[in-house]
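**Q** I would like to see how this sequence folds:
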Amino acid sequence: MERIDHLGIASADNQAAIAVFSGELGLPVESQQTDIEVETAIESFTSDKYGVVYHSRTPRPVGGLRVAFLTAGDCELEFLQNFDPSHDAALSHGAAGNTRQDQGAITRFVAAYGAGLHHVALKTPDIDAALAAMQRAGARTIDHTGRPGSRRARIGFVHPAAFGGVLFHFVERDDFVPC
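**A** Reported below is the predicted structural model:
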């Protein structure tokens with residue numbers, strides 16, 4: 001592990017959190033995004049005369065998260081807010097991702113505990129090696145290999161039982177340097 005990458009905070013209202021942490025404490029907003037998972041139905045028509053034709057239907061949003069990263073020194077705060085595409089069609093940011101599972105986790109967390117610290121993320125140069133090492137050590141992992149995460153990262157969660165009830169995940173990403 002290289003360092004703490006970020007602290008994930010389940011949020012009921014990212015804009016209110018930004019008002020406090022950026023507006024009152026002065027932490028800069030690193031980025032904001034909306035992650036949406038969509039389902040796309042594909043139909044196949046097979047004809048002995050015309051061959052196979054594929055037709056896709058309009059994608060249907062099924063889940064999402066609004067994510068805001070605020071910088072605090074060499075660490076960041078990641079605010080995660082449930083985003084239900086069926087109730088809120090206005091998107092101000094658009095980075096699609098694999099988020100349905102994460103959306104459900106944030107929704108359940110806020111319903112059970114309210115807004116607050118959700119996870120600690122540790123930066124690693126090799127997500128798959130880090131998860132494999134945890135598995136070899138007998139720790140239960142939620143992800144067995146890295147999967148897509150925010151900001152061009154690959155992430156993988158370790159079950160809270162492995163770390164005394166604290167949810168950890170590993171992050172593999174290059175530091176982003178804008179042009």
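
**Q** Point out where the protein drops to low pLDDT.
**A** Counting by pLDDT under 70, the chain shows low-confidence ranges at 86-103, 176-179.

**Q** Now with 80, please.
**A** The model of the chain has pLDDT under 80 over residues 37, 62-63, 84-104, 175-179.

**Q** Looking at it, which helix is longest?
**A** helix 100-113 (DSSP state H).

**Q** So which residues of this protein form strands?
**A** Taking DSSP state E as the criterion, the chain carries its strands at 3-11, 29-39, 42-47, 51-56, 60-72, 75-82, 116-123, 147-148, 154-158, 168-172.

**Q** Give the other helices and strands that the fifth one contacts.
**A** Read that as strand 60-72. With contacts defined as 3 or more C-beta pairs under 8 Å, 6 or more residues apart in numbering; DSSP states H and E, the packing partners of strand 60-72 are helix 14-18, strand 29-39, strand 75-82, helix 100-113. Just so you know, the C-beta spots here come from the backbone N, C-alpha and C atoms, and that holds for glycine as well.

**Q** in its sheet, what does the second one sit against?
**A** It stands for strand 29-39. If you go by DSSP bridges, strand 29-39 pairs up with strand 60-72 (antiparallel).

**Q** ok so, going back, relative to residue 104, which of the strands of the chain is closest?
**A** Nearest to residue 104 among those is strand 60-72 (7.3 Å), distances taken as C-beta to C-beta.

**Q** send the alpha carbons of that closest one over as CSV?
**A** Provided in CSV are the C-alpha atoms of strand 60-72 (Å, rounded to 0.1, in the frame of the first residue of the first chain):
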residue,chain,number,x,y,z
ARG,A,60,-32.6,2.2,-19.6
PRO,A,61,-30.8,3.7,-16.6
VAL,A,62,-31.0,1.4,-13.6
GLY,A,63,-28.8,2.9,-11.0
GLY,A,64,-26.4,5.6,-10.2
LEU,A,65,-24.3,7.6,-7.8
ARG,A,66,-23.3,11.3,-7.6
VAL,A,67,-19.7,11.5,-6.5
ALA,A,68,-17.7,14.5,-5.4
PHE,A,69,-14.0,14.5,-4.5
LEU,A,70,-12.6,17.2,-2.3
THR,A,71,-8.9,17.5,-1.6
ALA,A,72,-7.4,17.6,1.9
